[in-house]
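Novice: pasting a predicted model and its sequence here:
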There are 2 protein chains.
Amino acid sequence: MKLYDMSLSGNCYKIRLMLSLLKKEYETVPINLAKGDHQNPSFLKLNPRGQIPVLEDGDVIVWDSTAILVYLARRYGGDSWLPLEAQDMAAVMQWLTVSQNEILYGLARARAILIFKRPWDLQPCQEMGVSILKVIEQHLESRNWLALDHPTIADIACYPYVALAPEGGVAIDGYPAIKKWMANIKSLPGYVGMVGIG
Amino acid sequence: MKLYDMSLSGNCYKIRLMLSLLKKEYETVPINLAKGDHQNPSFLKLNPRGQIPVLEDGDVIVWDSTAILVYLARRYGGDSWLPLEAQDMAAVMQWLTVSQNEILYGLARARAILIFKRPWDLQPCQEMGVSILKVIEQHLESRNWLALDHPTIADIACYPYVALAPEGGVAIDGYPAIKKWMANIKSLPGYVGMVGIG
């Protein structure tokens, strides 16, 4: 398996973490966004959106971190990481949505503004991030995992940019349930971190 | 089944369209965003994010349009609208992601600025929308449906805000493959439109 990857990308880290939890071997192909690797014609053939991560697994090419998580869960994860029953799958999907909406356009964008000097407005991103942290905190007060009573790809999808929120100027010290949930994820067999996440 | 709904919401329309395609009966509960219905404590109990649509199906409550599509497809749609095989499911998920990213934060936001006077910057939203229309156009040049060789929830998720793009000041006349795909959707048995979509 081959992962088109950037070490500082939280979206790529989701896939590295999932592959490690599933104990799958893979190689990485570093993509340098600053040098425009993602706009090269050869890369755009893999992913017309010009974004990382992209996964190659034999003949199968999957772009988008959420789609790659779905692929890995279905192909290598049994029914645990993404259950097939309608209500359970919808519960996972709800938090996959959150990972792509308030977390991505709030917390991850705030971090991208401060770390990668992206040209967006910081304050609305931080406010969107805080609004969803409050929702997640309340939700986790009575739960160990986001979607079900065991870890799913919902947790893996939401974790990186929540854990990296301080790099976007959003403090997470005041969210004890989120802290406990992050500790639960760190205790999973095969857990790996990334720069900025211990 | 009960759908918390707003007639002008493209996200709610996704669910009305899917329910109609599946020939499911349901009642609607109108939610008036202008009056703040979505911030009422009783509604926040259903959806802590304070957004529509929300679906109630017996004891099951699902918030988020994408999660509701997943729920309906798994519960009432057999394996056709959301196949279970890893590669196929990932292909659907890729376009569910697009529906929540460039389409929602580009095309749908541009429309919300012009129709609902939301306080965002129009131009970056329109540019993001155009960028993804180009990707979708190229993708559909050799295909009838977005993800697989038959309609899936990926098509239902992406369709409304693409069809409504002109209401956000983004023309879609120059995209013949998208026009053909929209006609394919309109020809599905049970198809219904909404205000702004014939």
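Specialist: Nice, I can see it.

Novice: using the three-state scheme, assign residue A:62.
Specialist: At residue A:62 the chain is in strand, as set by DSSP: H, G, I helix; E, B strand; the rest coil.

Novice: thinking it is in contact with residue A:74, fair?
Specialist: No: in this structure residue A:62 lies outside contact range of residue A:74 using Cβ atoms under 8 Å: 10.9 Å. C-beta coordinates here come from the backbone N, C-alpha and C atoms, glycine included.

Novice: in terms of neighbours, single out the busier of these two.
Specialist: The residue with more neighbours, out of residue A:62 and residue A:74, is residue A:62; 26 against 23, by other Cβ atoms under 10 Å in any protein chain shown.

Novice: how far away is that one from chain B?
Specialist: Using Cβ to the nearest Cβ, to the nearest Å, we find residue A:62 at a distance of 5 Å from chain B.

Novice: with residue A:51 instead?
Specialist: Per Cβ to the nearest Cβ, residue A:51 is found 9 Å from chain B.

Novice: can you check residue A:159 too?
Specialist: 18 Å.

Novice: and the residue of chain A most remote from its centre, what does it touch?
Specialist: Of all residues in chain A, residue A:41 sits farthest from the chain's C-alpha centroid, using Cα atoms, centre = their mean; the distance is 25.9 Å. Residues counted as contacts of residue A:41 (Cβ atoms under 8 Å, 6 or more residues apart in numbering or on different chains): none.

Novice: show me which residues of chain A sit near chain B.
Specialist: Within chain A, the positions near chain B by Cβ under 8 Å from any Cβ of the partner chain are A:48-49, A:60, A:62-64, A:66-68, A:70-71, A:74-75, A:84-87, A:89-91, A:93-94, A:96-98, A:100-102, A:104-105, A:132, A:135, A:138-139.

Novice: ok, of those residues, which come out buried?
Specialist: The neighbour count (16 or more other Cβ atoms under 10 Å in any protein chain shown) marks A:49, A:62-64, A:66-68, A:70-71, A:74-75, A:86-87, A:89-91, A:93-94, A:96-98, A:100-102, A:104-105, A:132, A:135, A:139 as buried among the residues of chain A next to chain B.

Novice: now do the helices in chain A.
Specialist: Using DSSP state H, the helices of chain A run over A:10-21, A:41-46, A:65-76, A:86-100, A:109-116, A:122-140, A:153-163, A:176-186.

Novice: out of those, which is closest to residue A:56?
Specialist: For residue A:56, the closest of the helices of chain A is helix A:41-46, at 7.6 Å, according to Cβ to Cβ.

Novice: what do residue A:62 and residue A:74 both touch?
Specialist: Once Cβ under 8 Å, 6+ apart is applied, the residues that residue A:62 and residue A:74 both contact turn out to be residue B:90.

Novice: look up the residues forming beta bridges with residue A:61.
Specialist: In this structure, residue A:61 has beta-bridge partners residue A:56, where bridges are defined by DSSP bridges.

Novice: domains of chain A: list them as residue ranges, please.
Specialist: The record's domain split for chain A, according to automatic domain parsing, is A:2-76, A:86-186.
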